[in-house]
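Novice: pasting the sequence and the predicted model now:
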Amino acid sequence: MRTLVMLVLCLSAPGSAILAQGKFPPDSFTNLKVLPKNIDQRTLISTMRGFALALGVRCTYCHVGPEGAPLDSLNFASDDKRTKRTARVMLDMVSHINEEHLADVPDRPVPHVVVRCATCHRGLARPRLLDDELALMLADSGLAALVQRYRALRERYYGSGAYDFGEIVLNDLARVEQRAGRTDNAIGLLSLNAEFNPRSAFIPAALGEAYLQKGDTARAIASYRAALAKDSTQGLAHTRINELTGRHLRRPSSPLLSVAGTYATAVTLVADSCTGTMIRDNPTLVEQQPGDTIVRLTHAAIAASGSVHNDGRFQMAPAVMRISGVSYHVDINGRFEERGFAATVHVAAGDLGQPTRCGYTVRWIGNKRGAPNVIPEAQR
């Protein structure tokens, strides 16, 4: 599948210094190592303000002097602070990206997109993504501290563009915790997410999966029903309720649906509105218990759960891949046959609630290794 690598951009504030002790703004500048030595006063001060806004900081983040002191008392020429020395490196990096790397992009559209400090920092001195911030907090301090941190970040930064507060971030972190066997963390994360996304049907369905893994069948059923109340087409919730309440039980004498196994999968690009989409063949792992209508599918970076019918048709719940800070929404449907499967996969790039950046469609043809599938209705 496609791998997208995003450029990591400038990290810190100014890469030059103003000799300002005794007067601000000064008549001349010293210790300029990145910006032009003959830069005029107005341009330099405007550049410094741009750095401060991009990082959400004040002058003393990089320059020596007490916070809140008059500007004419700061030692702008000093290189004592690590942040200022780092800034020079970052400015050099941005220059290389814009003047060398981006210049090599084939058929580059005009006007050119250029990298600035704000491209990555988005008003943050350390431009860590929200999922990384929360994962570190969870590992270091636990779920209660994460919840407190998330609320504080959301209150301070919501609407600023500094962090992605869409539902995908907490859903993905909950999925990681559930796979690691930390179901209480997963339930706590999903419950927090439901508080801020009350219309989502995916969150209660995911909660149902977490409760089911924990062994709390009653709460799992209640969560699946809550998902259906929000979206009556939620396939996973329908399937789980049928399974847990004993509906559609099969006669023991009937052949049991069985499609689990590893499939050598050929991938073909059918349609593409994303420039330069790269695809490759990958094995597909299918997990399913004989007779069960729940199926789990893993293919490269895609992991999805869904339902499979006795005639081999399957539909996966919408899945999300997050690569280099970009969310990819994946829809998969197809049919299992005795010796393999065929599926159509639609992928759309873009954060939840935002316009789709681009999309592509691929065709998977999987040939099963080992024992053939059992498709009950195909045998009739």
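Specialist: That came through fine.

Novice: what ranges does this protein have for its strands?
Specialist: 261-272, 282-287, 294-299, 302-308, 313-316, 319-323, 326-337, 340-349, 358-368 (DSSP state E).

Novice: CA-only coordinates of the first one, as CSV, when you get a sec.
Specialist: Taking Å, rounded to 0.1, in the frame of the first residue of the first chain, the C-alpha atoms of strand 261-272 are listed here in CSV:
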residue,chain,number,x,y,z
GLY,A,261,-5.7,-18.2,6.7
THR,A,262,-3.0,-16.4,4.8
TYR,A,263,-3.6,-15.2,1.2
ALA,A,264,-0.9,-14.2,-1.3
THR,A,265,-2.5,-11.0,-2.5
ALA,A,266,-1.9,-9.2,-5.8
VAL,A,267,-2.7,-5.5,-5.8
THR,A,268,-3.8,-3.5,-8.8
LEU,A,269,-4.4,0.2,-9.0
VAL,A,270,-7.8,0.9,-10.5
ALA,A,271,-8.2,4.7,-9.9
ASP,A,272,-6.0,7.4,-8.4
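
Novice: list the buried ones in that strand?
Specialist: Buried positions in strand 261-272, judged by neighbour count with 16 or more other CB atoms under 10 Å: 261, 263, 265, 267, 272. In short, each C-beta sits where N, CA and C put it, glycine included.

Novice: need the contact list for the third one.
Specialist: Going back to what we said before, that points to T265. 281-284, 299, 364-367 (CB atoms under 8 Å, 6 or more residues apart in numbering).

Novice: which parts of the chain belong to which domain?
Specialist: According to automatic domain parsing, the chain comprises the domains 1-127, 130-244, 261-379.

Novice: lowest mean pLDDT across the ones you listed, which one is that?
Specialist: Mean pLDDT per stretch puts domain 1-127 lowest among these, at a mean of 77.

Novice: next one: the residue lying closest to E337 once chain neighbours are set aside from P372, what distance?
Specialist: Leaving out its chain neighbours, the residue that sits closest to E337 by CB to CB, 6 or more residues apart in numbering is G312, at 6.2 Å. Remark: distance between G312 and P372 (CB to CB, to the nearest Å) = 12 Å.

Novice: among those two, which residue is more densely surrounded?
Specialist: The neighbour count for G312 versus P372, taken as other CB atoms under 10 Å, is higher for G312 (21 against 13).

Novice: tell me which residues touch that one, please.
Specialist: Contact partners of G312, counting by CB under 8 Å, 6+ apart, are 259, 335-337, 341, 373, 375, 377-378.

Novice: show me how to select, in PyMOL, the buried members of those residues.
Specialist: Remark: buried members of those, expressed as a PyMOL selection using 16+ other CB under 10 Å:
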select buried, resi 259+335+336+337+341+373+375+378
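
Novice: farthest-separated two in the contacts of G312?
Specialist: By the measure CB to CB, F341 and E377 form the most distant pair in those, at 15.3 Å.

Novice: T217 against E243, yeah?
Specialist: No - contact criterion CB atoms under 8 Å: T217 and E243 do not qualify, at 10.5 Å.

Novice: those two: who's more crowded?
Specialist: E243 (17 against 13).

Novice: got a list of what the more buried one touches?
Specialist: Shown in contact with E243 (CB under 8 Å, 6+ apart): 292-294.

Novice: any buried residues in stretch 280-293, and which?
Specialist: Under the neighbour-count criterion of 16+ other CB under 10 Å, stretch 280-293 has 282, 284, 286, 288, 291-293 buried.

Novice: tell me where this structure has helices.
Specialist: Using DSSP state H, the helices found in the chain span residues 41-55, 82-96, 117-121, 130-141, 143-157, 167-179, 183-196, 202-214, 217-230, 235-244.

Novice: between the ones you listed, which gets nearest to A349?
Specialist: Comparing these by their distance to A349 (CB to CB), the top pick is helix 167-179, with 12.5 Å.

Novice: just checking, what packs against the closest one?
Specialist: helix 130-141, helix 183-196, helix 202-214, strand 319-323 (3 or more CB pairs under 8 Å, 6 or more residues apart in numbering; DSSP states H and E).
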